[in-house]
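In: My questions concern the predicted model and sequence given below.
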Amino acid sequence: MDNWSWEIFFDAFPVVLEGLGITVGLTLACYLFSLIFGFVWTFLRRVPFKPLNWIVTWVMEFIRSTPPLVQLFFIYFAWPMVPVVGMTLSPFTSAVLGLGLHFSTYIGEVYRSGIEGVDKGQWEASQALNLSTRQKWLKIILPQAIPPTIPMLGNYLIIMFKEVPLASTIGVVGILHMANSYGAQYWAYLEPLTIVAILFLVLSYPSAILISKLEKRMNRRFDKKETLNSSKGATT
Amino acid sequence: MRGINITISVLIASAILGYLMAFIAGLCRLSSNVFIRKATGFYIELFRGTSLIVQLFWLYYAVPMLFDIQLGSNWLVGVIAIALNYGAYMSEIVRGSILSVAKGQTEAATALNMSSFQRMRLIILPQAVRMMLPEFGNYLIQMLKATSLVYLIGMNDILYYGNILRSNDLSQAPTVYLLLLVFYFILALPIIWLTRKAEVISKKGVAS
């Protein structure tokens, strides 16, 4: 442990911390993007037109099984060269698009599982009540489909937070980028990288605990509701 | 595309090491020894709580300085980082699957006077492994995606050669990266197929 120096540690700490705002901001931006875009995937998959369905499924599979790093490079370096639709994007925007798109395919699956989890009777009931498609989705299906998926969505927030440092490779000045440039400047990688690791641990571990608590509470709530309903049914 | 052997060799080595880690850590988590359980818990939380890319840099830059050891090539660093990271994730699957084997099985094995080792090897694991297979397949795809990160610690994998091609002719960038993506996808296809197959196998003959 001779090479560890607290001096450098405290010197590098504020430098690395400067990048934290960007890292967290980027995480939230990516998350928002993928939450919205996840819906697009889910609904595209529900379109009752076989070829489109098939294409969407494979596009999702493609995005999911190729490395986000290469996707980032594609969007940042290659997108400006693409004819017609190409344009130059800032590193931050490319990161939001790249990581957001990557994770939206996962989020889309989460939504799908939520929607499939809605009891079949609910669909039939909303049909029987002559609700329009819009009413059916907004008033019946989605309010029931989304809450059970909240813990899973929270998990994805943490996963995304841990993937965001990838964006440092295309020049987003997050904490990892800060640590690397500090390391390059003073030839001291040990302390700044350790700070980055500690920051990640400090931020993601409590949120992971929070999510698992939330999950337990959600489970209890939904179980309770069910038992409540069934007991009601039994007495009346 | 000359970097393909590096990508594949990193994938295979880290997959083997990762599965090994997963089993070791997963079984240690279930150990009756408090110390072992807590220590593995710490390892798992440590590696799940930080991101792979940070671990990769940390192993590559910080560990040699901190402990004055050389981990050898960056190939080894990449493999170790990916294996430790995904080993931590997969150990939870190992633990979950073992715990979900019906308790009656353990009791029956005890009643048959099996030693705890026999019980684990002959009764519990054969049932648990089947449940793990689909998730293991999913994580194999994750590991494939993670192998692209070794480019960042200076290895000549397919992404490295792709970047060289791009810098030779900037207008070729879309083609190069699209080719790379297709390449990874082709590598992933057999894994996806195997995972689907594993799902069918693991469901077969299991009363739900």
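Out: Right, received. Where do you want to start?
In: and residue 53, what helix or strand is that in?
Out: Because you didn't say which chain, this covers chain A. Using DSSP states H and E, residue A:53 maps to helix A:50-65.
In: Wait, chain B was what I had in mind.
Out: Assessed by DSSP H and E, residue B:53 sits inside helix B:52-57.
In: May I have the helix or strand following that helix exported as CSV, CA atoms only?
Out: Using DSSP H and E, the next helix or strand after helix B:52-57 towards the C-terminus is helix B:63-67. Extracted in CSV, the C-alpha atoms of helix B:63-67 (Å, rounded to 0.1, in the frame of the first residue of the first chain):
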residue,chain,number,x,y,z
VAL,B,63,-4.2,-2.5,-8.9
PRO,B,64,-0.7,-2.8,-10.2
MET,B,65,0.2,0.5,-8.4
LEU,B,66,-1.6,-0.4,-5.2
PHE,B,67,-0.2,-3.8,-4.6
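In: So for helix B:63-67, what gets flagged as buried?
Out: Residues of helix B:63-67 classed as buried by neighbour count (16 or more other C-beta atoms under 10 Å in any protein chain shown): B:63-66. From N, CA and C alone the C-beta is placed, and that goes for glycine too.
In: would a markdown table of these with distance to residue B:102 and pLDDT be doable?
Out: Below are the buried residues of helix B:63-67 laid out as a markdown table (distance: C-beta to C-beta, whole Å; pLDDT from 0 to 100):
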| residue | distance to residue B:102 | pLDDT |
| --- | --- | --- |
| B:63 | 43 | 75 |
| B:64 | 48 | 72 |
| B:65 | 50 | 71 |
| B:66 | 46 | 71 |
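In: just those now: which is nearest chain A?
Out: Checking these against chain A with C-beta to the nearest C-beta, the nearest one is residue B:65 at 4.5 Å.
In: I figured the closest one hits residue A:190, correct?
Out: Yes. With contact defined as C-beta atoms under 8 Å, residue B:65 counts as touching residue A:190 (4.5 Å).
In: Quick check: residue B:52 vs chain A, distance?
Out: 7 Å (C-beta to the nearest C-beta, to the nearest Å).
In: actually residue B:154, sorry about that
Out: Taking C-beta to the nearest C-beta, one finds residue B:154 at 13 Å from chain A.
In: Let me see the ranges of the helices in chain B.
Out: In chain B, the helices defined using DSSP state H lie at B:4-29, B:34-49, B:52-57, B:63-67, B:74-100, B:103-111, B:116-118, B:125-146, B:158-168, B:173-203.
In: Now do the longest one: which elements does it pack against?
Out: Yep, that's helix B:173-203 we're talking about. Contact here means 3 or more C-beta pairs under 8 Å, 6 or more residues apart in numbering or on different chains; DSSP states H and E; on that basis helix B:173-203 packs against helix A:50-65, helix A:68-73, helix B:4-29, helix B:125-146, helix B:158-168.
In: got the buried residues for that helix?
Out: Buried, per 16+ other C-beta under 10 Å, within helix B:173-203: B:173-174, B:176-177, B:180-181, B:183-185, B:187-188, B:191-192, B:195, B:198, B:202.
In: can you give me the mean pLDDT across that helix?
Out: Mean per-residue pLDDT for helix B:173-203: 84.
In: now stretch A:11-31
Out: 82.
In: Mind telling me which of the helices and strands packed on helix B:173-203 the model trusts least?
Out: helix B:158-168 has the lowest average pLDDT among the helices and strands packed on helix B:173-203, namely a mean of 80.
In: the inter-axis angle of that helix versus helix B:173-203?
Out: 160 degrees (axes from the mean of the first three to the mean of the last three C-alpha atoms, to 10 degrees).
In: ok, and what's touching helix B:158-168?
Out: Applying C-beta atoms under 8 Å, 6 or more residues apart in numbering or on different chains, the external contacts of helix B:158-168 come out as A:67, A:69-70, A:73, A:77-78, B:1-4, B:6-7, B:148, B:151, B:172-173, B:176-177, B:179-180, B:183.
In: Residue A:94 contacts residue A:74, correct?
Out: No. With contact defined as C-beta under 8 Å, residue A:94 does not reach residue A:74; the gap is 9.2 Å.
In: For the helix holding residue B:53, which helices and strands make contact with it?
Out: By 3+ C-beta pairs under 8 Å, 6+ apart, helix B:52-57 packs against helix A:175-186, helix A:190-235, helix B:74-100.
In: Just the buried residues out of the contacts of helix B:158-168, in ChimeraX syntax.
Out: Of the contacts of helix B:158-168, the buried ones go into a single ChimeraX selection, burial set by 16+ other C-beta under 10 Å:
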select /A:67,69,70,73,77,78 /B:3,6,7,148,151,173,176,177,180,183
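In: low-confidence ranges in chain A?
Out: Flagging of chain A using pLDDT under 70 yields the residue ranges A:1-3, A:83-86, A:221-236.
In: go again using 90 as the cut-off
Out: A:1-28, A:30, A:35-103, A:106-236 (pLDDT under 90).
In: residues in contact with residue A:105?
Out: A:38, A:41, A:60, A:63-64.
In: ugh, wrong one, residue A:20
Out: Residue A:20 is in contact with A:174-175, A:199, counting by C-beta under 8 Å, 6+ apart.
In: and with 10 Å instead?
Out: Residue A:20 sits next to A:174-175, A:178, A:196, A:199, A:203 when contact means C-beta atoms under 10 Å, 6 or more residues apart in numbering or on different chains.
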